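I'd like to go over a predicted model; first the sequence, then the structure.
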Number of protein chains: 2
Amino acid sequence: MSMFENIGIAGLGLLGGSIALSVKELGLSKRISGFTRSPKTLERAISLGAVDDGLLNFEEFIKDVDFVVLSAPISANIELARIIGRQKPSLLFTDVGSTKKEIVKMVEDFFPSGHRFVGSHPMAGSEKKGIDQANPFLFKGKTVIITPVSNCSPSTIETIEDFWRKIGARTVRMDADTHDDLCAYTSHLPHLVAFLLVSVFSEKMDKPNASACIGAGFRDTTRIAASDQEIWSEIFLSNSENILNAIEKFKEHLNKIEDMIEKKDAQSLKNMIEKIRKIRSTI
Amino acid sequence: MSMFENIGIAGLGLLGGSIALSVKELGLSKRISGFTRSPKTLERAISLGAVDDGLLNFEEFIKDVDFVVLSAPISANIELARIIGRQKPSLLFTDVGSTKKEIVKMVEDFFPSGHRFVGSHPMAGSEKKGIDQANPFLFKGKTVIITPVSNCSPSTIETIEDFWRKIGARTVRMDADTHDDLCAYTSHLPHLVAFLLVSVFSEKMDKPNASACIGAGFRDTTRIAASDQEIWSEIFLSNSENILNAIEKFKEHLNKIEDMIEKKDAQSLKNMIEKIRKIRSTI
């Protein structure tokens, strides 16, 4: 049964495209409209059957839709949310950005007479990007963090949670501050560190046969270092305070292990690694 | 056709067990003998069919074998190599340790009248350990770095390369210094950093729903943080000089990106990530 008359997907990359395909697969909306600033992407999304139609102008786009998922990069989502606030503040909408404090605060400030927004963060990203990577099962079994906003009606939260569950995800509610703090450690710092591992290795890359020394460990720790620069520079800046805190913590732990190695302190090294191994094995 | 009369596998963990199973599968040795200090492991290796028989005493063990693969942790391998030097210096042998300078130097110093040793490092490790994780196809398509030792006859190198190729690996020759320097960047630093990511996150773990924020990025970057403490404390200390250099380089790059985040320098962040993404995409 359709949940919506006309869902609007704003931003047709990996996430937006996958949401569109999921909605199509499950018949959750009678019509699926896409918004993007790229005519080529819109054409591709239509030809892949992800959206039924689309527009390159957001003001026009929101006129006919009854639910919008903002799936553009963080700063673009915020800009689009502002347009919703000015033009159609009663519109039900969510976003799928990797940071939540910025957009939640913006909606709280910018929708003085109320809104129908909650933030969403599907833990279903990838280093791959673009509509051609989209698939209708991307959210199956994944977690979507739902960040309520002050003055948000319970029905808004429930509708959006219901939407995510229908496309196969489980939902977990969390306030935006906690989300951004935790994700600094579970996602943003790991990305930053993966980028650095490649960056540091690149200084050695020209040695003969250097790549012969690359095994599964390097491949897995740095898979996400192939992630997009537009998306990740925005995430790093949007959540800069928490990320800078995480970097400080990381440096403290790094100095500790460096000290153990310098002092050839095998026992402390073993104890530290054993403790970590046990924690990792439970994750 | 058998390459050997009686191959000896010293250390029956993931690597030793997998070598034994490969040799058995391919019939590369008429007999396969195992050495371990654990009666339980030996029993298990025999019951899994990895080895035909085995001994708990290394001096006895090397009497009857014509090729030994040292597959114990680094310091144990060095101790076993010393016993070979004292008792049967003409024995053909290799090791599969993750660092090569230490054992290569030890053999150069300790076998005054010559030896038949080259070092091997199969890029086929795993965070999993133990004979029960062993499989005969572990080396298929993997690279094995071969580190020649001074005064090593070409026939020794060729026999051991031939052995690895027969069990499915490709071989690459590299001197031990270069190997240990490169592996500090491709394996040891990534392990260290993966350990730290878990260690830093563990401070936040008790927050409600913290694990809901864990996605594929965290899982992949920290998979190897479930690695064994005995093995990894030894690797960190065996290759401490190169690892400490790699940590310094890592800190330099970390300070650079931290500075960009502090200054909200979006353009430099984008340029840095784009450069890294392009490098990673070629690996």
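On my side now, so go ahead. All values reported here derive from a predicted model rather than from experimental measurement.

Would you mind listing what in the stretch 51-200 of chain A touches chain B?
A:123-126, A:142-143, A:145, A:172, A:174, A:178-179, A:181-183, A:185-187, A:189-200 (Cβ under 8 Å from any Cβ of the partner chain). C-beta coordinates here come from the backbone N, C-alpha and C atoms, glycine included.

where exactly do the strands run in the stretch 151-283 of chain A?
A:170-173 (DSSP state E, counting those that start in this stretch).

residues contacting residue A:138?
Applying Cβ atoms under 8 Å, 6 or more residues apart in numbering or on different chains to residue A:138 gives the contacts A:14-15, A:18, A:22, A:122, A:124.

quick one: contacts for the spatially closest residue to residue A:186 that is not a sequence neighbour?
In this structure, residue A:186 finds its nearest non-sequential neighbour in residue B:213, 4.3 Å apart by Cβ to Cβ, 6 or more residues apart in numbering or on different chains. By Cβ under 8 Å, 6+ apart, the contact list for residue B:213 reads A:123, A:145, A:174, A:179, A:182-183, A:185-187.

Turn those residues into a markdown table, including pLDDT and neighbour count.
Output for the contacts of residue B:213, formatted as a markdown table (pLDDT from 0 to 100; neighbours: other Cβ atoms under 10 Å in any protein chain shown):
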| residue | pLDDT | neighbour count |
| --- | --- | --- |
| A:123 | 95 | 23 |
| A:145 | 98 | 24 |
| A:174 | 96 | 25 |
| A:179 | 98 | 27 |
| A:182 | 98 | 25 |
| A:183 | 97 | 28 |
| A:185 | 98 | 28 |
| A:186 | 97 | 26 |
| A:187 | 97 | 25 |
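
that older thread, quick check: the farthest pair among the contacts of residue A:138?
A:14 and A:22 (12.4 Å; Cβ to Cβ).

Quick check: whichever residue of the stretch 51-200 of chain A sits closest to chain B vs residue A:143, distance?
Proximity of the stretch 51-200 of chain A to chain B (Cβ to the nearest Cβ) peaks at residue A:123, 3.7 Å away. The gap separating residue A:123 from residue A:143 is 5 Å, by Cβ to Cβ, to the nearest Å.

who touches both of the two?
Common contacts of residue A:123 and residue A:143 (Cβ under 8 Å, 6+ apart): B:212, B:215.

Which residue ranges of the stretch 1-150 of chain A form helices?
Assigned by DSSP state H, counting those that start in this stretch, the helices in the stretch 1-150 of chain A fall at A:14-26, A:39-47, A:58-61, A:74-87, A:101-110.

deepest of the ones you listed, which one?
A comparison of the helices of the stretch 1-150 of chain A by mean neighbour count, using mean count of other Cβ atoms under 10 Å in any protein chain shown, puts helix A:14-26 on top with a mean of 24.

Distance from the chain centre to it, please.
Mean-position distance between helix A:14-26 and its chain equals 15 Å (Cα atoms, centre = their mean, to the nearest Å).

Check which helices and strands that helix sits against.
Using 3 or more Cβ pairs under 8 Å, 6 or more residues apart in numbering or on different chains; DSSP states H and E as the contact test, the elements touching helix A:14-26 are strand A:4-10, strand A:29-35.

tell me the angle of it relative to strand A:29-35?
160 degrees (axes from the mean of the first three to the mean of the last three Cα atoms, to 10 degrees).

where does the stretch 51-200 of chain A have low pLDDT?
For the stretch 51-200 of chain A, not a single residue meets the criterion pLDDT under 70.

Excluding chain neighbours, what is closest to the spatially most central residue of chain A?
With distances taken as Cα atoms, centre = their mean, residue A:98 lies nearest the centre of chain A, 3.5 Å away. Nearest non-adjacent residue to residue A:98, counting by Cβ to Cβ, 6+ apart: residue A:235, 5.0 Å away.

Looking at the helices and strands packed on helix A:14-26, which is nearest to residue A:88?
For residue A:88, the closest of the helices and strands packed on helix A:14-26 is strand A:4-10, at 10.8 Å, according to Cβ to Cβ.

Give me the number of neighbouring residues for residue A:248.
For residue A:248, the count of nearby residues is 11 (other Cβ atoms under 10 Å in any protein chain shown).

Now do the same contact list for it.
With Cβ under 8 Å, 6+ apart, residue A:248 has no contacts at all.

Could you list the domains of chain A?
If you go by automatic domain parsing, the domain ranges for chain A are A:4-174, A:179-282.

Using CSV, please lay out these together with distance to residue B:42.
Shown next, in CSV, are these (distance: least, Cβ to Cβ, whole Å):
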stretch, distance to residue B:42
domain A:4-174, 42
domain A:179-282, 25
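
sorry, back to before: I'd like to know which of the helices of the stretch 1-150 of chain A is closest to residue A:168.
Nearest to residue A:168, of those and by Cβ to Cβ, is helix A:14-26 at 7.3 Å.

The closest one versus strand A:4-10: what angle between them?
160 degrees.

CA-only coordinates of helix A:14-26, as CSV, when you get a sec.
The C-alpha trace of helix A:14-26 is given here as CSV (Å, rounded to 0.1, in the frame of the first residue of the first chain):
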residue,chain,number,x,y,z
LEU,A,14,24.1,6.5,-3.9
LEU,A,15,21.7,7.1,-1.0
GLY,A,16,19.0,9.1,-2.9
GLY,A,17,19.1,6.7,-5.8
SER,A,18,18.9,3.7,-3.5
ILE,A,19,15.9,5.2,-1.6
ALA,A,20,14.1,5.9,-4.8
LEU,A,21,14.7,2.3,-6.0
SER,A,22,13.5,0.9,-2.6
VAL,A,23,10.4,3.0,-2.7
LYS,A,24,9.7,1.9,-6.3
GLU,A,25,10.4,-1.8,-5.5
LEU,A,26,7.9,-1.7,-2.6
